[in-house]
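Visitor: Quick check, what structure comes out for this input:
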Amino acid sequence: MDQNLRIILQQIEADKSIDRETLIEAIRSAIESAARKDAGNANNITVEVDPDTLAFKVFEIRTVMEEVEDPTTEIPLKEALDLNAAATVGNRLKIQTHPKDFGRIAAQTAKQVIIQKIKDAERDNIFDEFKQREGELITGTVKRISHGNIIVSIGKAEALIPYREQSPRETYRPGDRIRAILVEVEKSSKGAQVILSRTSPELVLSLFELEVPELYDETIEIKAIAREAGSRTKVAVRSNDVNVDPVGACVGMKGARVRAVVEELSGEKIDIVRWSDQASELCANALNPADILQILIDEEQGNIQVVVPQDQLSLAIGKRGQNARLASKLIGWNIDIQGEATGRDEEVDALFDDGDEAEASALEEPTDSALETPSDAPVEEVATESPEGEDTEAERNDAAE
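Guide: Numbers count the residues shown, from 1 in each chain. Reported below is the predicted structural model:
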């Protein structure tokens with residue numbers, strides 16, 4: 001075959017990362033389609049290509065018959081024996097043929113087949129490459145924004161960040177560098193579709209792994225992440241070394257490590273708490289900085305009831321319930337937060353506990369009779385303020401002096 005074809009194949013193999021066997025199969029299929037087109041769309045044509053020289057041979061498949069009715073698909077037994085001495089009636093023989101020079105239509109067909117085969121092979125390569133990388137952190141460049149979706153260039157492929165996978169805090173422009181988690185790779189009529197996410201909790205995990213060496217060598221580990229993208233994230237960490245503080249390791253010197261993650265997430269707040277295998281302790285850590293007075297656990301229902309001081313109830317629940325909601329996601333239990341019950345009864349009980357009954361009775365509400373004034377008792381009038389424009393007696397005496 002022409003030396004130029006070999007050069008072209010080598011270039012395609014390098015640029016498209018397509019193996020040589022796939023390219024040879026594309027050529028074989030293209031030549032076969034062109035040969036069938038030239039022979040009037042015959043179905044009994046097959047082509048073989050030498051992988052070394054790229055030379056090809058065209059064969060016709062014919063059935064050995066005593067009497068030939070269709071010469072395009074059948075061959076007489078006498079001729080078949082000349083080609084193969086072991087031929088018998090009913091055998092199918094490959095007979096090499098030398099078609100005429102392919103016409104313009106046949107050549108165009110071959111070209112289209114080769115292009116399509118190369119595209120299919122390229123799509124398959126992209127799918128196989130990125131399918132193995134699901135869950136990894138991908139770095140790319142924003143190529144364009146289309147209908148609210150972000151198209152990202154990642155090497156030789158393009159990826160998509162749907163609107164639902166975008167953080168409401170972030171905006172991007174073409175040319176911006178972007179990091180995202182590869183969440184899914186699926187095949188479609190247009191090829192492999194790579195889906196990225198900026199809202200996945202795995203994004204926070206991957207960013208911390210880049211900033212915290214202790215996570216890489218497994219000195220500490222992230223046990224759970226609860227995230228509301230663009231607003232707040234809670235991260236529970238545990239240390240496998242008693243000498244290493246997991247929270248401090250993630251925060252870093254003067255907060256440098258966690259600050260780098262926050263900047264990558266466009267200012268999203270991050271709470272780092274200490275992990276515990278005890279649900280009550282983990283719940284208290286997750287609701288930090290609110291003070292916890294009491295924790296009751298219902299293991300059968302999977303509920304945790306938390307009592308906090310009344311003045312810290314809003315702090316524990318958080319704005320629009322966010323703090324309690326994230327804590328519930330982090331520990332995997334339903335959390336019910338209640339304020340501490342307050343009132344006069346508790347004060348009375350506390351005083352009785354001290355044995356001071358006299359003071360306790362003094363705190364009781366006065367009865368209605370105690371509030372009534374006897375009808376024969378004189379009523380003393382107290383002047384609190386002089387009518388406007390009149391002097392008091394004291395002021396008149398001062399003036400007289």
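
Visitor: now the strands for the stretch 251-400 of the chain?
Guide: 269-274, 294-298, 303-308, 334-339 (DSSP state E, counting those that start in this stretch).

Visitor: which strands and helices sit next to the third one?
Guide: Judged by 3 or more C-beta pairs under 8 Å, 6 or more residues apart in numbering; DSSP states H and E, strand 303-308 is in contact with helix 279-286, strand 294-298, helix 313-317, strand 334-339. Placement of C-beta: from N, CA and C, glycine included.

Visitor: just the ones you listed: most buried one?
Guide: Per-stretch averages of neighbours, counted by mean count of other C-beta atoms under 10 Å, single out helix 279-286 among the helices and strands packed on strand 303-308, with a mean of 20.

Visitor: could I get the strands of the stretch 251-400 of the chain as JSON lines with mean pLDDT?
Guide: Compiled in JSON lines, the strands of the stretch 251-400 of the chain are given as follows (pLDDT from 0 to 100):
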{"stretch": "strand 269-274", "mean pLDDT": "94"}
{"stretch": "strand 294-298", "mean pLDDT": "90"}
{"stretch": "strand 303-308", "mean pLDDT": "92"}
{"stretch": "strand 334-339", "mean pLDDT": "91"}
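
Visitor: what's the following helix or strand after the longest helix seen in the chain?
Guide: The longest helix of the chain (DSSP state H) is helix 104-131. Tracing the chain past helix 104-131, the next element assigned as helix or strand by DSSP states H and E is strand 137-146.

Visitor: May I see the helices and strands packed on strand 303-308 organised as a markdown table, with distance to residue 230 added?
Guide: Output for the helices and strands packed on strand 303-308, formatted as a markdown table (distance: least, C-beta to C-beta, whole Å):
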| stretch | distance to residue 230 |
| --- | --- |
| helix 279-286 | 20 |
| strand 294-298 | 30 |
| helix 313-317 | 20 |
| strand 334-339 | 23 |
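
Visitor: returning to what we had before: of all the residues in the longest helix of the chain, which ones are buried?
Guide: 106, 109-110, 113-114, 117-118, 121-123, 125-127, 129-130 (16 or more other C-beta atoms under 10 Å).

Visitor: Same question for stretch 260-274.
Guide: 260-262, 265, 268, 270-274.

Visitor: what does stretch 132-147 give?
Guide: Going by neighbour count (16+ other C-beta under 10 Å), the buried part of stretch 132-147 is 137-138, 140, 142.

Visitor: Show residues contacting that stretch.
Guide: 150-155, 158-159, 172-185, 196, 202-203, 206-207, 210 (C-beta atoms under 8 Å, 6 or more residues apart in numbering).

Visitor: Looking at those, which are in helices?
Guide: 202-203, 206-207, 210.

Visitor: Quick check: what element follows the host helix or strand of residue 82 along the chain?
Guide: If you go by DSSP H and E, residue 82 is part of helix 77-83. On the C-terminal side of helix 77-83, the closest following helix or strand by DSSP H and E is strand 92-97.

Visitor: List the neighbouring strands of that following strand plus their orientation.
Guide: strand 56-65 (antiparallel) (DSSP bridges).

Visitor: what about the partner strand, average pLDDT?
Guide: The pLDDT scores in strand 56-65 average 82.

Visitor: just stretch 167-175 next, same as before
Guide: pLDDT averaged over stretch 167-175 gives 92.

Visitor: now stretch 78-98
Guide: pLDDT averaged over stretch 78-98 gives 79.

Visitor: what's the answer for stretch 201-211, then?
Guide: Rounded to a whole number, the mean pLDDT of stretch 201-211 is 95.

Visitor: Go through that stretch and flag the buried ones.
Guide: 201-208, 211.

Visitor: Local confidence estimate at the residue nearest to residue 203 when sequence neighbours are not counted?
Guide: Leaving aside its chain neighbours, residue 203 sits nearest to residue 181 (4.8 Å; criterion: C-beta to C-beta, 6 or more residues apart in numbering). Predicted confidence (pLDDT) at residue 181: the value is 96.

Visitor: from memory residue 181 sits against residue 202, does it?
Guide: Yes: between residue 181 and residue 202 there is a contact under C-beta atoms under 8 Å: 4.8 Å.

Visitor: Residue 222: what's it in contact with?
Guide: 205, 208, 215, 235-237.

Visitor: hang on, the earlier thing: report the buried members of the contacts of stretch 132-147.
Guide: Judged by 16+ other C-beta under 10 Å, buried ones among the contacts of stretch 132-147: 150, 152, 154, 158-159, 178-183, 185, 196, 202-203, 206-207.
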